[in-house]
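In: What would the 3D arrangement of this be:
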Amino acid sequence: MCAVIDLCAGSDGHSASCSLDPKAGGRVATLTVDGTDVLVGPDPSVAPTGWGCFPMVPWAGRIRRGRFQFDGVEHRLPINFDVHAIHGTGFEQPWEVTSANGRTATMECRLAWEFGGEARQEINLDDTSLTCTLAVRADRLAMPAAVGWHPWFVKPQRVDLRFEKMFVRDDDYIPTGRTIAPTSPPWDDCFAGPLSTPRLWIGGLEVTITSDCDYWVVYDMPQHATCVEPQSGPPDAFNIGGATRLEPGDELRRTMTISWARSSDSP
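Out: Got it, this is the predicted structure:
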């Protein structure tokens, strides 16, 4: 099963729909609530990193120059963003749909890197939320792992994005490992310790993002979109720390939920 999968939900005069594109990295391609597009949709002129909501696996964000050490051995990753490796391999791989029933779908893929392993997604749409669960499992080799999501939200009228700390980044937009109090936007930065549930106001909707991930990347520099990306580890986690070590058979699993409601105080 490789065709686009449509999920629909709705009650009390409200409707929500999304489409999943297994061939385009197993991503949520569109999300529409009461006629309002919540995500930046497909555009053939845009790079795979620039639309929808795609899974980041088996790493999230940049790995500096595609190099890291694991168990004392240096490893190199495919370079796919300037001189760095970015967002894993899953967003560029086709995924296999293993089930779909109108509101829920599951997809799997074998990871295209030297450590092997497999990734699995479950995506569920209900009347007021979209929940994505992403898991990565090691097979015969131990491996480092970090997972996350990269949703491209349509540019909000305003936001509530407050965190306890922000990672200092260098000129390559890669965290150094040191943290400071958050500075003012614009951001292409990693944060930790949400002080409130991240919220965006989009076309009369109040959109909230919740996750059991400990790290959040916010990218609000584009004029047309804002990205709020929950991650299990920071960018460059394989080098600065924050990745999860998986022994053969171990699994790393995280969940993200995008929820919405009609805003009573929309700008």
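In: What's the mean pLDDT across the host helix or strand of residue 226?
Out: Here residue 226, judged by DSSP states H and E, is contained in strand 225-231. Confidence for strand 225-231, expressed as mean pLDDT, is 98.
In: So which elements touch that strand?
Out: With contacts defined as 3 or more C-beta pairs under 8 Å, 6 or more residues apart in numbering; DSSP states H and E, the packing partners of strand 225-231 are strand 148-154, strand 205-211, strand 215-219. The C-beta positions use only the backbone N, C-alpha and C, and glycine is treated the same way.
In: closest one to residue 36 among those strands?
Out: Distances from residue 36 to each of those were compared by C-beta to C-beta, and the smallest falls on strand 205-211, at 5.8 Å.
In: quick one: contacts of the longest strand along the chain?
Out: Once the chain is assigned using DSSP state E, the strand that runs over the most residues is strand 251-262. Contacting residues not belonging to strand 251-262 are listed as 16, 31, 33-34, 38, 53, 128-138, 145-149, 151, 204-213, 230, 232, 244, 246 [C-beta atoms under 8 Å, 6 or more residues apart in numbering].
In: For ChimeraX, what selects the buried ones among these?
Out: With 16 or more other C-beta atoms under 10 Å as the burial test, the buried ones among the contacts of strand 251-262 are selected in ChimeraX as follows:
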select :16,31,33,38,53,128,129,130,131,132,133,134,135,136,137,138,145,146,147,148,149,151,205,206,207,208,209,210,211,213,230,232,244,246
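In: sorry, back to before: can the helices and strands packed on strand 225-231 go into CSV with extra columns for mean pLDDT and distance to residue 27?
Out: CSV is the format used below for the helices and strands packed on strand 225-231 (pLDDT from 0 to 100; distance: least, C-beta to C-beta, whole Å):
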stretch, mean pLDDT, distance to residue 27
strand 148-154, 98, 9
strand 205-211, 98, 16
strand 215-219, 98, 17
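In: Tell me which residues of stretch 42-56 come out buried.
Out: For stretch 42-56, a neighbour-count test (16+ other C-beta under 10 Å) marks 49-56 as buried.
In: Check those against residue 107 and report the nearest one.
Out: Using C-beta to C-beta, residue 55 is the member of the buried residues of stretch 42-56 that sits closest to residue 107, with 9.0 Å.
In: How about the closest one: which residues does it bridge to?
Out: For residue 55, the residues forming beta bridges with it (DSSP bridges) are residue 149.
In: got a pLDDT number for it?
Out: We note a pLDDT of 98 for residue 55 in this prediction.
In: go on, residue 161?
Out: The model reports residue 161 with a pLDDT of 98.
In: That one and residue 171, how far apart?
Out: Using C-beta to C-beta, to the nearest Å, residue 161 is found at 24 Å from residue 171.
In: Comparing those two, which residue is more hemmed in?
Out: In this view residue 161 and residue 171 are compared by other C-beta atoms under 10 Å, and residue 161 has more residues nearby, 22 against 5.
In: I figured residue 241 hits residue 178, correct?
Out: No: judged on C-beta atoms under 8 Å, residue 241 makes no contact with residue 178 at a distance of 11.8 Å.
In: Helix or strand for residue 131, just tell me which one.
Out: Counting by DSSP H and E, the element that carries residue 131 is strand 129-137.
In: still on that earlier bit, gap between the strand holding residue 226 and the chain center?
Out: When distances are taken as C-alpha atoms, centre = their mean, to the nearest Å, strand 225-231 is centred 7 Å away from the chain's centroid.
In: rewinding a little: I'd like to know which of the helices and strands packed on strand 225-231 lies nearest to residue 62.
Out: Using C-beta to C-beta as the criterion, the shortest distance between residue 62 and the helices and strands packed on strand 225-231 is 10.1 Å, found for strand 215-219.
In: Just the C-alpha atoms of the closest one, please, in PDB.
Out: Extracted C-alpha coordinates of strand 215-219, given in PDB (Å, rounded to 0.1, in the frame of the first residue of the first chain):
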ATOM      1  CA  TYR A 215      13.700  19.000  23.600                       C
ATOM      2  CA  TRP A 216      11.900  21.500  21.300                       C
ATOM      3  CA  VAL A 217      13.300  23.200  18.200                       C
ATOM      4  CA  VAL A 218      11.500  26.300  17.100                       C
ATOM      5  CA  TYR A 219      12.100  27.700  13.600                       C
END
